[in-house]
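Visitor: Any chance you can model this:
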Amino acid sequence: MTIAVKLFHLMLLALLLAAGPAQAQQSQPLTNSQIENFIASLKDLRSLDADFERFAPDLTKGFAAIPNLATLISDAVARMAGTPLRAELDEVVRDQGFDNATTWGKTGDRILNAYIAHQAGAQDQALRDKIAQAVKRIDDNPDMTDAQKRQMKALIGGTVAYVEAMVSAPQEDMEAVEPYLVDLNRLLAATN
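Guide: Sure, this is the predicted structure:
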């Protein structure tokens, strides 16, 4: 595997850890009830998996190659506007105490951002170690010119800055989500 491919994989890992641009501080902290209702709604939504599969091609047209993770759920909800799937989604989330799919999506964005920021924080040192190893491999590579080395290191530096800016969630949201990490891990692992 070439250094460029390894570097690409490293940058992809960093992007996957990113939670999206920092959001403005929310006026109301997440509540246990909101988090519990969101988790319950995700379980209930499994009944709509076949419908999601049927509508997925229409819902993903024009979707960014790297979606904005800060608004991933609410963006998906917005794309469902006017579809039968949106009506079904509204019904499921209302059963779990949300006013509609829009408020559910915004709450879900906050929960997902806090979850990802928490997970990324836990993996922060391992990622920094991998970045340092990649920079050392670049420096030690006799097949690269000094200009190529500077370019690759600048690319890594830009990726690191991007990830650090993106892996952000209000501390209150991260604290609210923490007791639910096991449940969220289980649910999110089941969807991959």
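
Visitor: just checking, Ser74 touches Gly108?
Guide: Yes: here Ser74 reaches Gly108: they are 7.3 Å apart, a contact under C-beta atoms under 8 Å. The C-beta positions use only the backbone N, C-alpha and C, and glycine is treated the same way.

Visitor: Name the residue in the two with the higher neighbour count.
Guide: Gly108 (23 against 20; other C-beta atoms under 10 Å).

Visitor: secondary structure element for that one?
Guide: Using DSSP states H and E, Gly108 sits within helix 101-122.

Visitor: helices or strands up against that helix?
Guide: helix 3-17, helix 32-45, helix 72-79, helix 84-95, helix 171-177, helix 181-190 (3 or more C-beta pairs under 8 Å, 6 or more residues apart in numbering; DSSP states H and E).

Visitor: Any chance you could list what contacts stretch 35-49?
Guide: If you take C-beta atoms under 8 Å, 6 or more residues apart in numbering as the criterion, stretch 35-49 is touched by 85, 88-89, 92-93, 95-98, 104, 107-108, 111, 176-177, 180, 183-184, 187.

Visitor: And the nearest residue to Val92 once chain neighbours are set aside, how far from Asp183?
Guide: Counting by C-beta to C-beta, 6 or more residues apart in numbering, the nearest residue to Val92 once its immediate chain neighbours are dropped is Asp44, at 5.0 Å. According to C-beta to C-beta, to the nearest Å, Asp44 and Asp183 sit 14 Å apart.

Visitor: Ok, Ala114 next?
Guide: For Ala114 relative to Asp183 (C-beta to C-beta), the value is 13 Å.
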